[in-house]
Each structure stands twice: as structure tokens, then as C-alpha cells.
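Engineer: Take this sequence and fold it.
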Amino acid sequence: PGVVYYPPKAGKIFSHFKEWRKLLWLVIKNNPFRNIKEINVACNTFFEYFRWTKVLEDIKIQHFITHCDFSIYNTGRNIALNQSGVQTWYFTDSMNHGCIWKVENEKCGMRLPFWTYLNYDHLVTWNSFLEQYFKIHPGSFRQIHVVGCLWSGHINKKDKTRDKTLESSGNNFIITAFDTSYSRNGFTSYTEGIAFAEHLLQLADTFPDVYIILKEKKVRNVHSTFDPILGPKLLNLYKKIGTHPRMTVYSDKEDSSGLISASNMVVSFPFTSTTFEALSVNKPAIWHDPVGYYRDTPYAKVGGVTTHGYEELKAKVLEIKNLKPGTYQNPIQINSPLMDPYRDGKAIDRFRELLAVFDKK
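Structural biologist: Numbering: from 1, shown residues only. Okay, the predicted model is just below:
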């Protein structure tokens, strides 16, 4: 209602692709087979543009919102949307990007192609640290908005996952742990994953009043494929956790927000977003670095939210267990760029307000 739609004039269609046509002609002229990937990208981008131009002849859109849309083909689509007066929005559902692995005194210069070839009016993200990171990818977003942690609003809601967890844990202190994506050649190795799982088992044996839940990120059968030697060792540990009287394992399909809601404390592998989500609603939470690889990273240096090795983990669990209910305070300063600046669980409401603001423009 109230939207005036102006279809693009035929003359404008090709003006936006003037430089692309030149580039495509040069590619074909020099050696079409050597540059077949470039030709494929250009053709698919043209296709997306004309397809969405056709769609917009029949459908009126005010806002177009997406995430995890890393393909370069969004460029053609978003040009068509912009020509029709549509506001394009990209939101990030995580805080785990390349910049968090950088040492504190280094510049956040680790660019990813995911964010370099986007063409959006708006980016919605969680904190100013991420805002600065996305700004080093020029041309991707015209405006960036920090609204806080988008998933934190789901944590305080009562749901079946929360009820099921509370029922099975009795009156014990509940720790929900989150693993990550392990690999042989990536940031996080299976050696670390095995140590992380072993430390959870040690915690359960050390504290008889603690109930530990492990939420898996990946489907079980991928581990033996990703690492045929260490993958099965990790799976054996997960089976052992599943048979422990005060431990349980939930699959990748279980709702993370419900598990966080039911827990007294969250422990995530560095730097899985679940700890950030919990801290965004003042839930006790840490990242646990089992081998000590991440001591020089920003979240380790800030203090109070990262442990290294089993003894530090045990000490932190004991510290939080001994706190009086409702007295925990997020150790990260309220004005820190590393954290949700609002910490009220209302990020989704702020996103909606932004949409309303740009409806009026």
C-alpha cells in the first residue's frame, strides 16, 4: 500500500552494463576458453538482472532482505531491485568473521570475497567491531546499521527445547556447550575438538552437581569424512558423553536458543556465536580454548570471557556456580566495540524500526 512502482525504461537496461559489455567483449576476443568462468559469471549476472526485471513487472516490493547470499549473481538482481525503488538489506546472523582471529594490536585487514562482491543498500550487523570490518570491503553496502545480536531475542522465550532440558537435568547446574566446524586444514582442528570434548567429560566428573549438554554443530557422519583418523576418535568421545549419567548430546537440528535459555552457563568453542548470543542477554557464557591457541585474539585479551586449558575452565565454572542468582554481569564493558551495545534482546525490534524508517524515505 502506498508504493508507487516505476518500471525501468528500456534505455536504462543496458546503460548499467556498459562497462561489463566492454569487459565481456575483451574476454571473448582474447581467449574465450581460457576465461570461461568469467563468461559464465557475466552471463548469469545478465540472466539474474532480466529475470528480476520480469518478476518486478508483476510484483511490488518495498524491502528485499537476505543473508548468506554470497553468490556474485546478487549484483544483477539488486540492480533490477534498485531501479524499481526497492531497498535491499543484508543481515549477518553471526559474529564469527575473519577479523576476530586477528591480534588486538593489528589492523583488521583480513578481507573475505564473501563481502567484497555484494551490492546492497543496507547491512544490519551485531556490533561496531563487525561494522568496521565490513567497511574494509568497499562497495558492498551503502549504509551499515548496528542493531545488536539478532538471535538474543529468542533466548528468553519459553519453548519445547527449554522445557525438555530442564526436565532431564533435575536441579543440577546446567552447562550448555557448543562445538564448532572442525577440519584438517581450516582454523579449527580435530585435535582441538577432541580436547574440547575431553574437558567437558572432566567437568562432569569433577562437579557432581553439574549437568552438561553438548550441542553438535555438524551432522555426525561428516567427521569421519573430514578427518578419517581423528574424526572417529571425536565420535567415540561423543558416544561416551551420550552415555554419561549427567551429560547428553543434542544433534545439529536442536534449537540453540532454547538450550541457551535453559542453561545456567554457556561454553562455546572459540569463537562460536552462541557465547555472544548468551552474553547479549547477560547470560553467563565463555569461549573455551582447550589447547591455548587463541590467547592473542581480541576476545581473549578483553578478559573474563575466554578460558585456556582445563584448569582455567574448571576455575571459571566454579566461580560462576558460586554466584548468587541474578548477580552475573557481562565482563565486557558496555562501550566495547566487541559486544552488543544494547544487550536487551530487542535487536529484531530495532531491525523492524529501520524498515519503517526507510519506508518513509
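Engineer: residue ranges with poor pLDDT in this protein?
Structural biologist: Low-confidence regions of the chain, defined here as pLDDT under 70, cover residues 1-35, 96-110, 158-162, 360-361.
Engineer: mind listing what's buried in stretch 295-312?
Structural biologist: Along stretch 295-312, these residues count as buried under the neighbour rule (16 or more other Cβ atoms under 10 Å): 297-300, 302, 305-308, 310. For the C-beta atoms, the positions are set from N, CA and C on the backbone; glycine is no exception.
Engineer: got those as TSV, with secondary structure and distance to His145 columns?
Structural biologist: Formatted as TSV, the entries for the buried residues of stretch 295-312 read as follows, by DSSP: H, G, I helix; E, B strand; the rest coil; distance: Cβ to Cβ, whole Å:
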residue	secondary structure	distance to His145
Thr297	coil	26
Pro298	helix	22
Tyr299	helix	23
Ala300	helix	28
Val302	coil	24
Val305	coil	25
Thr306	strand	28
Thr307	strand	33
His308	strand	34
Tyr310	helix	40
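Engineer: what are the ranges of the helices in the stretch 251-361 of the chain?
Structural biologist: Here the stretch 251-361 of the chain has its helices, by DSSP state H, counting those that start in this stretch, at 256-262, 273-279, 298-301, 309-321, 347-359.
Engineer: ranking those by burial, who's on top?
Structural biologist: Per-stretch averages of neighbours, counted by mean count of other Cβ atoms under 10 Å, single out helix 273-279 among the helices of the stretch 251-361 of the chain, with a mean of 26.
Engineer: could you dump that helix to CSV, C-alpha only?
Structural biologist: Provided in CSV are the C-alpha atoms of helix 273-279 (Å, rounded to 0.1, in the frame of the first residue of the first chain):
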residue,chain,number,x,y,z
SER,A,273,28.4,-17.1,18.1
THR,A,274,26.4,-18.8,20.8
THR,A,275,28.5,-17.3,23.6
PHE,A,276,28.0,-13.9,22.1
GLU,A,277,24.2,-14.5,22.0
ALA,A,278,24.2,-15.5,25.6
LEU,A,279,26.3,-12.5,26.7
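Engineer: Packing partners of that helix?
Structural biologist: If contacts are counted by 3 or more Cβ pairs under 8 Å, 6 or more residues apart in numbering; DSSP states H and E, helix 273-279 sits against strand 173-178, helix 256-262, strand 265-268, strand 285-289.
Engineer: Can you add distance to Asp163 and give these back as TSV?
Structural biologist: As requested, these are exported to TSV (distance: least, Cβ to Cβ, whole Å):
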stretch	distance to Asp163
strand 173-178	13
helix 256-262	8
strand 265-268	18
strand 285-289	21
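Engineer: Go through these and name the closest to Asn119.
Structural biologist: For those, distance to Asn119 was read as Cβ to Cβ. The smallest value, 30.8 Å, belongs to helix 256-262.
Engineer: what residues does that closest one touch?
Structural biologist: By Cβ atoms under 8 Å, 6 or more residues apart in numbering, the list of residues contacting helix 256-262 from outside reads 151, 154-163, 165-166, 169, 174, 176, 178, 213, 215, 250, 266, 274, 277-278, 283.
Engineer: just checking, Pro270 touches Gly292?
Structural biologist: No: using Cβ atoms under 8 Å, Pro270 is not in contact with Gly292; the gap is 10.7 Å.
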